[in-house]
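Novice: Predicted model and sequence below, questions to follow.
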Amino acid sequence: PPTIHLKDYRPPEFLIDQVDLRFELDPDTTQVEATLAIRRNPAATRGDGNLRLDGEQLELEYLAIDDRPLARSEYRVEPEALILRRVPDRFRLVTRVRIHPARNTALEGLYQSGSMLCTQCEAEGFRRITYFLDRPDVMARFSTTLIADRDRFPILLANGNPGPSQDLGDGRHLARWDDPFPKPCYLFALVAGDLHQVEDRFTTASGREVSLRLFVEPEHHDQCEHAMRSLKKAMRWDEERYGREYDLDVYLIVAVSHFNMGAMENKGLNIFNAKYVLARPDTATDQDYLGIQGVIAHEYFHNWTGNRITCRDWFQLSLKEGFTVFRDQEFSADMGSRDVTRIADVRNLRNRQFPEDSGPLAHPVRPDAYIEINNFYTATVYEKGAELVRMLATLLGPDAFRRGTDLYFARHDGQAVTIEDFIACLAEASGRDLGPFLRWYAQPGTPELEVRDQWEDETGTYRLTIRQRIPATSDRPSSGPLPIPVAVGLLDAKGRDLPLHLADEPAPTPAGTRVLELHTDETSFRFVGLAARPIPSLLRGFSAPVKVRYDYSDQDLVFLMTHDSDGFNRWDAAQSLAQRLLLQGVSEPNTPLPSGFIDAFRRTLTDEDADPGLRAEILTLPSEAYLGDQMETVDVEGIHRARETLIGQIATTLRAELLATYRANQDPGPYRLTPLAIGRRALKNLALAYLMHTSDDETLALCQAQFAAHQNMTDVMAALRWLVEAGGETADQALDAFYRRWSDDALVVDKWFGIQALSQRDDTLLRVESLLDHEAFTMTNPNRLRSLVGTFCLMNQLRFHAASGAGYVFLVDRVLELDPKNPQIAARLVQALAQWRRFDETRRGLMRGQLERLFHTPDLSKDVYEVVAKTLG
Ligand code: B3K
Ligand code: ZN
């Protein structure tokens, strides 16, 4: 398959101003008539005079230019295109095609989900609906007419504002939708179904009335409240924080059960994976609730960052995704606990993006080549991209950053632009030269900061020297030093923040954090006027997506973990210390714990003044996969043993405190979603996890009682997790009871599969294999597939990487089964093998063998081919 390069970008030779679509909808065969107002692009160089429209799996029935049907000699149909010979400079094209939604298992284009019909067009799905210039820099006005059976599809939705509807008298009805805003076709959407509607209203800052409508399958009518509330909060927040208002009369969200990813920001008609809409305290966990709030906001924020201003080409994907993730992260931080939100975001970055950035699939935030663009909706484009925007916001400060985004929205509204265009607005509004910052978008790999310090007692001077090192990637020269904001504080012996006085400044800045900027390979900062050697708190709030190397003693880390005024760094110090002890435990299993470690744990556990959510984070040990990522060669069993040992030591030594914490944070009241309530549940369930490590009769009874109490899904899942881990009859009984209670709720059944796939018991693979035959298992629902196969292969390091290699064979069997049906999901699964070079020789050989087995399979999809080829290198 061909590789597409950024350097080959050319403006489109033709533009499309207006699109009128008419659908006669039916799951088996749908007819799509498109009327396109096309004209030559005056800004483009003239090609051969032919027009090439994208189209895949379309059956062409009719084709006319300016009402004249074309003769066979005037066009050519190829598998992925329709070529029109010698077209006029301006004309009206009518095409009519037939497509087959019920046969569409890739869930791209128009497809069937349960009894409804819906679409997914990003990145290149629109070409499976009709012939078009399927590229984001072709922006057109769309009108959509939908015709369908009135009983089967009483609800008919598309982008924009609703127009007239009509009963056709033959059992069918018609609805029309008009979208006044020009958009690229990847933002097109339609939905047809028998859906329950929940309605609310929102008045924008300037007084515009917007009708908000949520559509779900009727049985989910009572799981919509949280999503609706989240939407209204997001709308208000974007007005206050970015001055952005909503622009249509209606905002529609539809929850569908079959969806390849989280959600999609189609103009005025968001289509969501039901997982990111539906919630009730007894069906959804706190993490589900937060996920819904974040994704609802994310898709809403896209209305400005993505829709009103879109990407010139798919290489610019992070222009909309990085910025929008940054926006949703800040929204979530404002709605909840800022520290806990930041910790979760950074943990996610370190667990998913750092390995990606150091492995065979590493790519810059703006990739410069791809085979299949769907493979580039990655942690790098999204999460690292968000960190880049965060650094820009930090470097500019809130006022200049806001002036910059205001300028961006004003200047580029209605356009398809590049990352340079965005950076130029920030530069212009702030008066800063951001040229060097663009290197961040081109440079793959996680930079490392080497920090050294020096204390001069006589002069009271403390010098911090920071050296940046950008890891070499084989095919790319380093692009030069990166601008890096490093937020630091200095602590005195009591743990108080010191005023910071840089030698070349007239006066100190007040006690707290300040942002140091790196612009060269090595930079020194001299702090003066200090009474004693301070302890540095580095990279507060994770001010840049880098790894920091500084030679902290165990005692320093204990100190920071219990004293730092920066909550994020308290957590980070605890992580560093735990990581150090655990890795030591891998190589020398019987090393005693450093003095102070257990004490610091005890103090954190019992520190009633601190945020319980933050305390729970601090007391959570790094995952096995994260630890593996810190080793030269991943020692699968060694890591597991070391981690279990440390958990055991903590659980035994602190048993009394853990029990007390568990009891003190029980909350018999109604479910509340405040940061405090969430934090208390997290802390309580963390205590339960440690206690269940030994699982004697007393703790087992607590756990069973919590499971049986059905207080809320957060508590039920936490209890079930450890009951399953404990094994035996109690585990089976709990699983049976859970399944019986919830077998009608697909999202809860997903949890039931997931928890079994996550188990560290040694028969997990056997269990997962037998669950493939369970009545509720199906490969055709992505959520179900991810809950069983995805969870096992991507989240269970110990059992997936069993030395026998059985996990690898299991994975590749599934990928081969899935690839012909849903290549996007198949390609995601293959990524479980991406780190194969990091393992011992035996596992390396086994993984490589399975990758080669894939590589030699005929007719692989582009998606899987690209991932496998790059992974094998
Ligand atoms: N823009 C979509 C993702 C589309 C993925 C296409 N394979 C969701 C989002 O980022 O909001
Ligand atoms: Zn997005």
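Specialist: Received it, and whenever you're ready, just let me know what you need. Ligands and ions are numbered 1, 2, ... in the order given.
Novice: ok, now which ones touch residue 825?
Specialist: Shown in contact with residue 825 (Cβ atoms under 8 Å, 6 or more residues apart in numbering): 260, 782, 785, 786, 818. C-beta coordinates here come from the backbone N, C-alpha and C atoms, glycine included.
Novice: so of those residues, which ones are in helices?
Specialist: Secondary structure from DSSP state H places 782, 785, 818 of these in helices.
Novice: Quick check on those: which are buried?
Specialist: With burial judged by 16 or more other Cβ atoms under 10 Å, the buried subset of the ones in helices among the contacts of residue 825 is 782, 785, 818.
Novice: which one of the residues you listed sits closest to residue 219?
Specialist: residue 782 (20.1 Å; Cβ to Cβ).
Novice: what residues are up against that closest one?
Specialist: Per Cβ under 8 Å, 6+ apart, neighbours of residue 782: 107, 258, 259, 260, 822, 825.
Novice: how near is the closest residue to residue 272 other than its chain neighbours to ligand 2?
Specialist: Leaving aside its sequence neighbours, residue 272 sits nearest to residue 263 (Cβ to Cβ, 6 or more residues apart in numbering; 4.2 Å). Distance, residue 263 to ligand 2, using Cβ to the ion, to the nearest Å: 8 Å.
Novice: number of nearby residues for residue 263?
Specialist: With neighbours defined by other Cβ atoms under 10 Å, the count for residue 263 comes to 24.
Novice: Run a quick neighbour tally on the residue of the stretch 1-150 of the chain found nearest ligand 1.
Specialist: Of all residues in the stretch 1-150 of the chain, residue 122 sits closest to ligand 1, at 4.1 Å by Cβ to the nearest ligand atom. By other Cβ under 10 Å, the residues close to residue 122 number 24.
Novice: if I look at it, how far off is residue 552?
Specialist: Applying Cβ to Cβ, to the nearest Å, the value for residue 122 to residue 552 is 44 Å.
Novice: Is the closest residue to residue 790 other than its chain neighbours inside a helix or a strand, and which specific one?
Specialist: Leaving aside its sequence neighbours, residue 790 sits nearest to residue 829 (Cβ to Cβ, 6+ apart; 6.6 Å). Secondary structure assignment for residue 829, by DSSP states H and E: helix 823-830.
Novice: Could you do residue 327 as well?
Specialist: Following DSSP H and E, one finds residue 327 within helix 317-335.
Novice: Then residue 453?
Specialist: According to DSSP H and E, residue 453 maps onto strand 448-456.
Novice: Quick one: name whatever helix or strand follows that strand.
Specialist: Counting by DSSP H and E, what follows strand 448-456 is strand 461-469.
Novice: is it possible to export the ones in helices among the contacts of residue 825 to TSV including pLDDT and distance to residue 576?
Specialist: Formatted as TSV, the ones in helices among the contacts of residue 825 follow (pLDDT from 0 to 100; distance: Cβ to Cβ, whole Å):
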residue	pLDDT	distance to residue 576
782	98	37
785	98	36
818	98	39
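Novice: from the residues you listed, which single one is nearest ligand 1?
Specialist: Ligand 1 has its nearest neighbour among the ones in helices among the contacts of residue 825 in residue 782, at 11.7 Å by Cβ to the nearest ligand atom.
Novice: which residues of the stretch 251-400 of the chain fall in helices?
Specialist: Assigned by DSSP state H, counting those that start in this stretch, the helices in the stretch 251-400 of the chain fall at 286-301, 317-335, 338-348, 354-358, 379, 385-412.
Novice: buried stuff in the longest one?
Specialist: Of all the residues in helix 385-412, those buried under the rule 16+ other Cβ under 10 Å are 385-396, 400-405, 407-409, 412.
Novice: got it, and the third one?
Specialist: Of all the residues in helix 338-348, those buried under the rule 16+ other Cβ under 10 Å are 338, 339, 340, 341, 342, 343, 344, 345, 346, 347.
Novice: Great, nothing more from me.
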